[in-house]
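> Compute the structure for the input listed below.
(chains A and B)
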Amino acid sequence: DQQVKQNSPSLSVQEGRISILNCDYTNSMFDYFLWYKKYPAEGPTFLISISSIKDKNEDGRFTVFLNKSAKHLSLHIVPSQPGDSAVYFCAASANTNAGKSTFGDGTTLTVKP
Amino acid sequence: DGGITQSPKYLFRKEGQNVTLSCEQNLNHDAMYWYRQDPGQGLRLIYYSQIVNDFQKGDIAEGYSVSREKKESFPLTVTSAQKNPTAFYLCASSSRNIRMGYTFGSGTRLTVV
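From the prediction side, this is the model:
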């Protein structure tokens, strides 16, 4: 049973437009959500996170929205740049789980010039 | 510069051999993790450790073993009991503050020949 799902394996957007990456979760014990970016043959790098007590967190071009009732979060990138092309992983953590995170399968974002 | 180092970057193993993947961090992080990534899939947790001399199994621990004798080091041994070891292995560390996310190493690609 996959507890964190990213239903879109890939997304293609034009440079300068908005990229929206989605993530759904099933475990109501999750109380912290994180997004990571990964280039091929490299380890993921942490992008942005959000606590379950908030519904929005913004950091520069990146904004994460959390809808707890729908168990859904999304990452918005505005404006999208070609360098944003990568695989984006959604991850969730429960305070009771000693910091370990459960990851989705990732969404490959391609930003076209 | 602080960081997390995995070695080797590429590793080839013959059937029936044990191999050990190295992971070292100088971030003074308490927690360390091993994840496995297969093509088109997310990261699955193998083992994690919150403190020296203590570690717990993750979701796919069978065929793997770890040790945590020093805070800086968390080596992973892939034993001959692991039926399908060919994968990309990622080591990560984190502080107690989950909102900062994990710091990942650059990964080790293991291939069984």
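
> What distance do you get for A:Phe30 to chain B?
The gap separating A:Phe30 from chain B is 11 Å, by CB to the nearest CB, to the nearest Å. C-beta: built from backbone N, CA, C; applies to glycine.

> before we move on, what about A:Ser10?
Relative to chain B, and taking CB to the nearest CB, A:Ser10 is found at 11 Å.

> surely that residue meets A:Gly106?
No: the pair A:Ser10 / A:Gly106 is not scored as a contact, 9.6 Å apart, by CB atoms under 8 Å.

> the more surrounded of the two?
Taking other CB atoms under 10 Å in any protein chain shown, A:Ser10 and A:Gly106 do not tie; A:Gly106 has more neighbours (25 against 10).

> OK, contacts around the more buried one?
A:6, A:9, A:38, A:87-89, B:42 (CB atoms under 8 Å, 6 or more residues apart in numbering or on different chains).

> B:Tyr64 now?
If a contact means CB under 8 Å, 6+ apart, then B:Tyr64 has B:34, B:46-47, B:76-79, B:82 as its contacts.

> try 6 Å
The neighbours of B:Tyr64, taking CB atoms under 6 Å, 6 or more residues apart in numbering or on different chains as the test, are B:Ile46.

> Identify the bridge partners of it.
B:Val78 (DSSP bridges).

> For the lowest-mean-pLDDT helix or strand in chain A, list every residue counted as buried.
The weakest-scoring helix or strand in chain A, judged by mean pLDDT, DSSP states H and E, is strand A:101-103 (a mean of 93). For strand A:101-103, a neighbour-count test (16 or more other CB atoms under 10 Å in any protein chain shown) marks A:101-103 as buried.
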